[in-house]
Structure formats: C-alpha cells, structure tokens
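Engineer: Quick one, fold the following:
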Amino acid sequence: MKIKTILFSASIMLAGLSAKGQDLKNPEDIKAIKSMCGCNEVQFNFAETFSYSKDSLYKKSPIKHDTALEWVELLEDQSNKISLQHLLIVGKNENDIVKHWRQDWLFENTNFYTFNKETTWNFNQLKPKEVKGQWTQKVYQVDDSPRYEGTATWIHTDGRHYWENTTDAPLPRREHTIRNDYNVLQRTNVHETIATGWIHDQDNSKLVRKDNEKDVLLAQEKGHDVYTKVEDSKCKIAQDWWKKNNSVWKKVRDQWEIIFLKNKTLSLEKKVDNQFLFMKLFELKPDATREDVNKIIDSYIVK
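Structural biologist: All right, here's what the predicted structure looks like:
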C-alpha cells in the first residue's frame with residue numbers, strides 16, 4: 001500500500017513537472033510574434049554609418065528610403081512553430097505581388113544553419129540548456145532557401161516587447177546588386193512590437209571573410225524598418241494571390257525541409273543555366289508538380 005502511495009505521489013509530481021515545462025512558452029512571446037501578421041505600410045530605411053576601408057576611393061552605399069505595402073500571412077501556427085510569409089504589393093493587381101521573405105519562429109530549437117560566406121551555410125547544434133526558453137528566428141530568401149537564423153529570449157519589460165540577436169547573413173539584394181567588396185553582413189536584429197505595428201531595427205557590420213583569416217570590418221550600417229498596421233482589406237490582392245499560389249510554394253518548402261533534415265553543411269550554386277534559383281521558381285505555375293519543384297531545387301545543391 002505504501003509503495004502504491006509513493007508511486008501515485010511520484011506520478012503527480014511528474015505530471016506537475018511536465019505541465020511546468022509546457023508553461024515555459026510565454027504567451028506574451030506568441031502574442032508578439034503573431035502581432036507581426038496582417039497588412040502593413042512599411043518604411044525601409046538604411047544608411048552606411050561608418051567606413052573603415054583604407055582605400056581612398058572607397059564609396060559608401062547610398063542612403064535608402066523606400067515605402068511599400070506588405071501582407072504578412074500566418075502560414076503555420078503550431079505549439080513550437082509559428083511561420084510568417086511576407087508578400088510585397090508593388091502595384092494594383094495580382095501580377096504586382098512579389099513573394100518576399102519568410103520568417104519561422106521555433107521554440108527551444110537546437111539545429112541551426114549558420115551562414116559562412118558566399119553561398120554556404122554550416123550546420124551546427126546547440127545544447128538544449130543553451131536555448132531554454134528561447135525562440136529561434138529562421139529567415140528565408142524569396143525562393144525559400146536559407147538566409148540567416150539566430151536564437152534569443154523575447155523580453156517583456158517596462159512596457160516593451162522585443163527580441164534581439166546577432167548573426168551572420170548573405171548580402172541583401174539592395175547590396176549585392178551594387179557591391180562585391182564584402183561577402184558577409186553580420187546583423188544585429190531587433191524586432192519590437194509597438195502600439196501601431198512593429199519595428200525591425202538593425203545594426204549591421206559589413207565583413208570581408210576569407211578562409212583561415214580573421215574577418216575584416218569594412219563598414220557599418222544602420223537599418224530602421226517601420227511596419228504600420230492598416231486595414232487588412234488594403235492587402236486583399238496579396239491574400240487572393242496567396243490562395244492561388246500557396247500550393248506550389250508548399251511543395252517548395254517541403255523539398256527544402258527534406259534538405260535541411262540531412263543536418264549537414266549546405267552549399268548552393270549561385271546560378272544554373274545562367275539563372276538564379278528564384279527566377280526559375282517564380283516561373284512555376286500553381287499546378288506545378290512536386291517533381292518539377294524538386295528537380296529545380298536539387299539542381300542548385302552542390303553535391
């Protein structure tokens with residue numbers, strides 16, 4: 001009888017510990033992440049702040065101020081994963097929708113693809129204790145290939161709600177079309193939700209990275225992107241476009257997931273048939289087969 005009592009008490013204790021573990025996810029974290037969804041008027045602002053080049057002819061990148069309308073779709077809403085798809089609206093009809101970046105938020109994730117340089121991401125793992133209570137933000141390119149990712153704790157204090165992480169990334173499109181004098185953008189990203197929407201603040205370092213050499217700091221940059229919530233109806237064409245095209249992009253994401261689950265360093269071809277990957281995928285019709293999708297993506301994987 002005494003043994004039964006001990007076993008019963010132990011089961012109650014284990015149940016309590018299990019419930020306590022499940023409570024590690026702060027509801028405020030989930031609320032903050034999901035609050036980025038919806039229709040947003042966006043202001044993109046970037047300025048190169050300091051340069052360290054010894055070249056007297058060095059030229060800073062031009063200051064950038066752009067505005068856009070962007071729909072952020074709640075793509076997945078699972079217990080340990082929240083996925084948000086960004087769709088850029090550049091005109092007045094569905095032909096003017098650009099599938100933009102995607103951000104996945106994973107709770108206590110331990111597997112990472114860390115950007116190295118050029119088109120290579122190194123796979124690495126952290127210990128569970130190193131990510132306890134943290135959310136990983138995994139950011140993907142417009143073709144759903146990897147971009148950058150990092151882990152940190154959402155902070156909720158003094159009326160503020162923000163997440164901050166520093167990680168390496170490829171050059172953004174606004175840079176790689178005009179610059180080839182550096183190959184890594186080390187990003188300090190701060191995502192903060194505010195009453196009118198959210199802010200993506202950045203303090204970036206432009207690095208020159210070579211094998212077996214110390215990184216060289218070329219310049220630093222400030223980014224300040226402001227997302228202001230507007231009525232969802234203003235983004236209806238993006239919502240309609242996604243309903244028609246989500247199926248083919250689901251096949252794209254599925255194939256990338258198969259590749260990521262191999263848990264090994266990933267290198268991609270910059271171009272195949274003189275085309276970037278996103279060009280080929282953007283040409284796919286909504287009824288494209290899984291075989292069509294897989295064939296395209298696999299052709300860019302460096303074996």
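Engineer: wait, Tyr300 sits on Glu269?
Structural biologist: Yes - if you go by CB atoms under 8 Å, Tyr300 and Glu269 touch, sitting 4.8 Å apart. (Glycine included, C-beta is placed from N, CA and C.)
Engineer: Looking at these two, which is more packed in?
Structural biologist: Tyr300 (20 against 12; other CB atoms under 10 Å).
Engineer: Let me see the contact set for the nearest residue to His200 once chain neighbours are set aside.
Structural biologist: In space, and not counting its chain neighbours, His200 is closest to Asp225: 4.2 Å by CB to CB, 6 or more residues apart in numbering. For Asp225, the contact set (CB atoms under 8 Å, 6 or more residues apart in numbering) comprises Val42, Gln43, Phe44, Asn45, Ile199, His200, Asp201, Gln202.
Engineer: Kindly report the same for Glu76.
Structural biologist: So Glu76 contacts Ile82, Ser83, Asp104 (CB under 8 Å, 6+ apart).
Engineer: what about the last one, which helix or strand?
Structural biologist: It stands for Asp104. Following DSSP states H and E, one finds Asp104 within strand 97-107.
Engineer: Show me what that strand is packed against.
Structural biologist: Contact here means 3 or more CB pairs under 8 Å, 6 or more residues apart in numbering; DSSP states H and E; on that basis strand 97-107 packs against strand 64-77, strand 81-89, strand 135-140, helix 236-260.
Engineer: Restricting to C-alpha, output the second one in CSV.
Structural biologist: These are the backbone C-alpha positions of strand 81-89, laid out as CSV (Å, rounded to 0.1, in the frame of the first residue of the first chain):
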residue,chain,number,x,y,z
LYS,A,81,6.5,26.8,-34.5
ILE,A,82,5.0,29.9,-35.9
SER,A,83,5.6,30.7,-39.6
LEU,A,84,5.0,34.1,-41.3
GLN,A,85,5.1,34.7,-45.1
HIS,A,86,5.7,38.2,-46.3
LEU,A,87,4.1,39.3,-49.6
LEU,A,88,5.1,42.6,-51.2
ILE,A,89,2.5,44.6,-53.1
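Engineer: Output the helices and strands packed on strand 97-107 in a markdown table; the columns should cover mean pLDDT and distance to His161.
Structural biologist: Conversion of the helices and strands packed on strand 97-107 to a markdown table gives the following (pLDDT from 0 to 100; distance: least, CB to CB, whole Å):
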| stretch | mean pLDDT | distance to His161 |
| --- | --- | --- |
| strand 64-77 | 97 | 17 |
| strand 81-89 | 98 | 15 |
| strand 135-140 | 98 | 12 |
| helix 236-260 | 97 | 26 |
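Engineer: could the ones you listed go into CSV alongside distance to Tyr52?
Structural biologist: CSV is the format used below for the helices and strands packed on strand 97-107 (distance: least, CB to CB, whole Å):
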stretch, distance to Tyr52
strand 64-77, 20
strand 81-89, 32
strand 135-140, 26
helix 236-260, 35
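Engineer: Which among the ones you listed is found nearest to Asn294?
Structural biologist: Ranking the helices and strands packed on strand 97-107 by proximity to Asn294 (CB to CB) places helix 236-260 first, at 5.1 Å.
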